[in-house]
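K.L.:
Task: produce atomic coordinates for the following.
(3 chains)
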Amino acid sequence: MGITGLIPFLEKASAKVHLKSLRGSTVAVDTYCWLHKGVFGCAEKLARGEETDIYIQYCLKYVQMLLSYDIKPILVFDGQHLPAKALTEQRRRESRQQSKKRAAELLRLGRTEEARSQMRRCVDVTHEMALRLIQECRERHVDCIVAPYEADAQMAWLNKAGIAQYIVTEDSDLTLFGAQKIIFKLDLTGAGLLVEADKIHLAMGCREERYNFDKFRRMCIMSGCDYLDSLPGIGLAKACKFMLKTEQDDMRIALKKIPQYLNMRQLEVDDEYIENFMKAEATFKHMYIYNPLERRMERLCALEDYKTDESYCSNAGSLLSDSEVAFNLALGNLNPFTLKRLDSWHPDHSADTKKPAKQMKRSTHKSIWQKNFNAKQSPAKLKQSNCALFFKKVDFVTQAIDAEIEANQRQELAKPTEAELSSMYSLGVKRKRSPSESSCHSTPPSSPAQSRSRHNPFAKEAPQRSPVVCENGSLLRLLSPNKQSPQRASDERSSRPDTTRVNALKRSIFAKEQVEVRSRFFSTQTDKAIECKAMEEVEQSPKQTGTQAIKRMECKVENVEQSPNLTSTQVTKRMECKEVQQSPKKTSIQATNKMECKVEKPLEEVQQSPKESKPAVVVLSSCDSDDSSSLSATLPSSQEAAMPTKTKTPPKLPPSARRVGLSRPKTSKRSIPNAKTAKNDDNQTKLSMFGFQKRPVLK
DNA sequence: CTGTAGTGGAAAT
DNA sequence: TCCACTACAG
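P.N.:
Numbers count the residues shown, from 1 in each chain, chains lettered A, B, ... in the order given. Next up is the predicted model:
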């Protein structure tokens, strides 16, 4: 449900966000989203009526994650169905029943796969399931609240009242209820998409002074929402166009002008549509919510605020006459539909009957059900936590949480700053030496099983000692002689013994000390074999792409040297470099002249595999006036060995001197047109920046 | 060409 | 339910 296409439409009002930047704040959660996803994991069991708590554990995982970032979660649950939605709910229930029957039949026929898919369709999130989660949350001192009607309105109110600064949901309707900061698509790594209401004008493409929130809400309702289908042929784009065109505030008049303004003569706007439009708008504004501080039901916005006629509020719910019932409903003690009593928890007399189980993390935030809860505290807290380097010592009941928060903080501290990142330019190479390499010949390709484990970020490698880092310049020169000057590189090509000597030296050093050399790739004979393969692909590239501005190069490098004791992570066996957006106009010399390498660490990936070495994107970018010539190599994942290490930008040398000695490989009978030679050189240059040597000339 | 509407696959472990 | 993709209408 929700508004079709609203999240993409709000792209300009949204930004990626991570929970770590929300420390100290309070987040209202649309728990139905979590429950629904959790139910998916155990759909079969539930369909068969078996006992399971998989969905509970799934939700608790999210709760623990929020707590670990010192975020106070408030779990919000749906309450009664609105009369407007009763029909659709009825239909859904029937469809689920049908799925259930079909699933049973398919099972009898032995068609398990099909039965499984039907079972997924028939599972429903019941209030009993919600209550189980609520009970688990109570033990953890995590606030829960059941909305009288829709959780959306309840969360928007919590946001408006300053109790929750953010809302976590998957339902785009939240924006229409007037929530200010909404996080969509929150995942278990803590990343999500933040949509801010005060940026909506950017998405609508209108100046801030001409924008008001009503325009946006009306646009969404026009495009079709839960309470009103759209007029045929009207979607978000047309609705937006119309709302920006009209200055008429009275929708009863404005809506009549839709056909005229949108040049859709055949469109008919009848009075029924207009009435329903007014009702839908009132539903979003005035739905009943529960105010836990005052312990009473209220409208999300007072009728007086909009001078709305109460007759439009027939879909906005009705006030429960018995405040005790309303209170217990909000606490989750009652089944919202039958009002049957299922539990009798009361915040005022709830002693901790049980001691917390081992490792159970408890929230120490103030409860919204506490009599002295003060909503104003939270924004202040938030303000503090906005400081990038703000680390607050949290007085947690359990050490577990404290430790986890500290771990998060350490992790962040360990991340290089932007300045540090830009000063890095080389690939860090985490090398592992395998015995087979002592012969300086390329190792045979690893078995599929092996390579799979290397590609699996969760695959565990043997624990390793912390690497000793070498930044010694002369050692670097020794180890990586072909980087120093083209002259040397070409010398090396002509004199094999040199290379072997260097390799032998490298090996001895690697064997004796655990050294991580902060340099670009070493070039070895093993590498040469790889390079040959890579170069073949590079050669094809100009041919295939011709004069296209964007070339893609993929070099697959296999069997790079390994050294088991260097880093906590893995082995380089395969490296994929993708060249993107390489301007063909740039000559190799230009490109070489100003080429620099930068290392970027995508934070999300770092976050995802904190224990693994950090994945890196290596960007070799030309520093020419325009940035079009850049080469970025994405190392597929952390266990790929080529890892970033710090190195200073190499000294600038005159163009000729800085050509890193790779002449165009004159393989085969393929004659490459002159026009393409430059490009080819360019590629070679880039390869050389990775430490690849010239492809041996084959005659 | 733009925008809407319809279809099929994925969701969790 | 949401997303990506495609077909179709204006």
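K.L.:
Now stretch A:152-162: buried residues?
P.N.:
A:Asp152, A:Ala153, A:Gln154, A:Met155, A:Ala156, A:Trp157, A:Leu158, A:Asn159, A:Lys160, A:Gly162 (16 or more other Cβ atoms under 10 Å). (Glycine included, C-beta is placed from N, CA and C.)
K.L.:
who's in contact with the residue lying closest to the second one once chain neighbours are set aside?
P.N.:
This points to A:Ala153. What sits nearest to A:Ala153 in space, not counting adjacent residues and going by Cβ to Cβ, 6 or more residues apart in numbering, is A:Met287, at 4.0 Å. Residues near A:Met287 by Cβ atoms under 8 Å, 6 or more residues apart in numbering: A:Leu82, A:Tyr149, A:Glu150, A:Ala153, A:Phe177, A:Arg299, A:Leu300, A:Ala316, A:Gly317.
K.L.:
which one among the residues you listed gets closest to DNA strand B?
P.N.:
A:Glu150 (20.4 Å; Cβ to the nearest atom of the strand).
K.L.:
In terms of helices and strands, where is the nearest residue to A:Phe177 once chain neighbours are set aside?
P.N.:
Of all residues not flanking A:Phe177 in the chain, A:Ala156 sits nearest, at 3.5 Å (Cβ to Cβ, 6+ apart). For A:Ala156, the host element (DSSP states H and E) is helix A:151-160.
K.L.:
Pick out the residue in the stretch 251-400 of chain A sitting closest to DNA strand B.
P.N.:
A:Leu262 (9.2 Å).
K.L.:
what about whichever helix in chain A runs longest, near DNA strand C?
P.N.:
Ranked by residue count under DSSP state H, the longest helix found in chain A is helix A:83-108. Yes: applying Cβ under 7 Å from any atom of the strand, one finds helix A:83-108 touching DNA strand C at A:Arg92.
K.L.:
which element follows that helix toward the C-terminus?
P.N.:
helix A:112-122.
K.L.:
wait, does that following helix make contact with DNA strand C?
P.N.:
No: using Cβ under 7 Å from any atom of the strand, helix A:112-122 stays clear of DNA strand C, with a minimum separation of 7.8 Å.
K.L.:
what is the mean pLDDT for that helix?
P.N.:
For helix A:112-122, the mean per-residue pLDDT is 78.
K.L.:
Please apply the same query to stretch A:183-201.
P.N.:
Stretch A:183-201 comes out at a mean pLDDT of 90.
K.L.:
can you tell me the distance between the two ends of it?
P.N.:
18 Å (Cα to Cα, to the nearest Å).
K.L.:
what's that stretch in contact with?
P.N.:
A:7, A:10, A:12-20, A:27, A:61-62, A:65, A:69, A:166-170, A:172, A:175, A:178-182, A:207-208, A:210-211, A:213, A:216, A:604, A:607-608.
K.L.:
what do you get for stretch A:43-57?
P.N.:
A:35, A:38-39, A:41-42, A:100, A:103, A:116, A:119-120, A:122-123, A:129, A:132-133, A:136.
K.L.:
what does stretch A:237-248 give?
P.N.:
Counting by Cβ under 8 Å, 6+ apart, A:9, A:204-206, A:210, A:215-216, A:218-220, A:222-223, A:230, A:254, A:257-258, A:261-262 sit against stretch A:237-248.
K.L.:
redo that, cut-off 7 Å
P.N.:
The contact list for stretch A:237-248 (Cβ atoms under 7 Å, 6 or more residues apart in numbering) reads A:Met204, A:Cys206, A:Lys215, A:Arg218, A:Met219, A:Met222, A:Ser223, A:Ala254, A:Lys257, A:Ile258, A:Tyr261, A:Leu262.
K.L.:
Which positions in that stretch come out as buried?
P.N.:
Going by 16+ other Cβ under 10 Å, stretch A:237-248 has these buried residues: A:Lys238, A:Ala239, A:Cys240, A:Lys241, A:Phe242, A:Met243, A:Leu244, A:Thr246.
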